[in-house]
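# coords below, sequence missing:
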């Protein structure tokens, strides 16, 4: 038994760790907004708002439904409060605001990731306490390590389901370990429920079947007389039923639209095998030497590897249960050619657990050799050394998130300096690097007329189009006319057809991510002959090889390095057609004086 004073001290440290976890995850939470493409894939989650017109169909099954439905639930709460305060007159107004003023909607979705990220830290504390047989030092170290694990902090900022799925995985493993201890129906049921919810956040939750069966097998195989065969089968049945029911309740359209589910799941399997954007090759060590090494920080990662030996020595059977999930999931990730960094997040809590065991063993040796205050200071230094690389990455990353992105800075300049009604072409071939320059009145009018002709039930879009047209009309603006380029025909075009002229402005985006920063060679030639550089927004030295990136992700912040970079986003260059004068007489200076 520990004293009341010791309990207070432990609770103080736990609360401090959770507060720290909140702070590092909330700083920069508004990154990139209102440009919703600055962090790729968030729209997959937030577009669930449109499901109100589709009988709550999740839209696609590339991700399961739970995370999307949780966001939708928060949107309903937000709408209810806003309606009571008179901010929105109808749900259509609310949906139109999502399209026109998305900032609050994305922050709500991102805060959901923060919530689950922080509670994962707490659940890891509980798991470590159970796993270590009530060792408070191991429990607090586990929480501290995950609370300051760079990759976990990084993705807790964004509306993607990986952090949420990881929370449910840790909860399930906690009850799987509990079922190993108690063999109660309740433990198996809760383990199954959380496994099903994990699978409904990301399909990887199904991998929890292995540690659950292993916990059952290790306890009962080669044992006689404690339980009858019927009771043994009953426990496993409880786990499977709980998993299945919770999965289908949270993702009902898996059954209601099985063909759509099957199509999207097979697409994802093919995507994993082929790689993303034509990039990727099988590298069994990629996640070890890059994702995990830098995602945890070198010292914490090394401690986690050494800690695997420590937890095996501590309790071989329980270590086997935890490591079965870790090894199986790493095997699946390692053989895939699609290697997004966030795919490896579910392993982080368990590596932090093993690191805590290893560091605790070192701290014990220190306590034995150096009694008193000297021991305390040495322990603080050791823990600080383990945390330092990850903490440094968090500071640098959060600092960039807290600054305006280059796309936002460039948009502000464009709105203030380019002549209304100008034609504009942006060289990025996908939406992620582009500046959101808005739409022309003609384009909005054409889309709105098409919606009316087709009798579309997309009332949100119709309402948003009307409001945007009314805003332009009130300001007396035509809006910028955005063109595209057909490289095969060598011609520019927009919604109205092909053009026999050049756009007034060409915006070139450049970044070290080559897959997302290519410019057609014909455009390069046209720029050289017909255009002059009007304004540049250089935020990163593209030649600096110290910066390393999530190479398949169109996310314009380095994963590590952070050298020669002032803001997030690509370098942006605005070129003007030489025989046109579409610029105000005096250009504003000091764009980066934020």
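Now that the structure is in, tell me what you want to look at. What you are looking at is a predicted structure, and each value in this text was computed from that prediction instead of being measured.
# how many other residues sit next to residue 476?
Neighbour count of residue 476, defined by other CB atoms under 10 Å: 7. Any C-beta I mention is one placed from the backbone N, CA and C, and that applies to glycine too.
# my read is residue 338 is in a helix, agree?
No: using DSSP: H, G, I helix; E, B strand; the rest coil, the assignment for residue 338 is coil, not a helix.
# from residue 551, how far off is it?
Distance, residue 338 to residue 551, by CB to CB, to the nearest Å: 11 Å.
# give the buried residues for stretch 122-139.
122-132, 135-139 (16 or more other CB atoms under 10 Å).
# which residues does residue 142 contact?
124-125, 127-128, 349, 352-353, 355-356 (CB atoms under 8 Å, 6 or more residues apart in numbering).
# sketch out the low-pLDDT regions of the protein for me.
Filtered on pLDDT under 70, the chain yields the residue ranges 1, 221-233, 278, 280-281, 580-594.
# where do the strands of it begin and end?
Using DSSP state E, the strands of the chain run over 423-426, 481-486, 491-494, 497-498, 505-510, 531-537, 571-577.
# can you put the ones you listed in TSV and add mean neighbour count and distance to residue 450?
As requested, the strands of the chain are exported to TSV (neighbours: other CB atoms under 10 Å; distance: least, CB to CB, whole Å):
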stretch	mean neighbour count	distance to residue 450
strand 423-426	21	22
strand 481-486	18	17
strand 491-494	16	15
strand 497-498	9	15
strand 505-510	24	27
strand 531-537	16	33
strand 571-577	22	30
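# how close does the nearest residue to residue 445 once chain neighbours are set aside get to residue 94?
Leaving aside its sequence neighbours, residue 445 sits nearest to residue 469 (CB to CB, 6 or more residues apart in numbering; 6.4 Å). Using CB to CB, residue 469 is found at 19 Å from residue 94.
# which one of these two has more residues nearby?
residue 94 (23 against 18).
# that one touches residue 82, doesn't it?
Yes: with contact defined as CB atoms under 8 Å, residue 94 reaches residue 82; the gap is 6.9 Å.
# got any residues that touch both of those two?
Common neighbours of residue 94 and residue 82 (CB under 8 Å, 6+ apart) are residue 88.
# buried residues in stretch 65-80?
65-72, 74-75, 78-79.
# stretch 416-435 now?
Using 16+ other CB under 10 Å as the test for burial, stretch 416-435 gives 417-418, 422-429, 432-435.
# tell me the one among those residues nearest to residue 255.
Comparing the buried residues of stretch 416-435 against residue 255 with CB to CB places residue 432 closest, at 33.6 Å.
# surely the closest one and residue 43 touch.
No: using CB under 8 Å, residue 432 makes no contact with residue 43, being 10.6 Å away.
# find the residues that touch each one of those two.
Joint contacts of residue 432 and residue 43 (CB under 8 Å, 6+ apart) are residue 37.
# which one is residue 169 nearest to, not counting chain neighbours?
residue 198 (4.7 Å).
# what are the ranges of the helices in the stretch 1-150 of the chain?
4-26, 42-46, 66-84, 91-100, 103-131, 136-147, 150-155 (DSSP state H, counting those that start in this stretch).
# and of the ones you listed, who's closest to residue 463?
Nearest to residue 463 among those is helix 91-100 (3.8 Å), distances taken as CB to CB.
# relative orientation of that closest one and helix 103-131 in degrees?
Angle of helix 91-100 versus helix 103-131, following axes from the mean of the first three to the mean of the last three CA atoms, to 10 degrees, is 80 degrees.
# what's in contact with helix 91-100?
46, 49-50, 52, 75, 79, 82-83, 88, 105, 459-461, 463-464, 467-468.
# now do stretch 234-249
So stretch 234-249 is in contact with 64, 179, 183, 185, 188-197, 199-200, 205, 208-209, 212-213, 216, 254-255, going by CB under 8 Å, 6+ apart.
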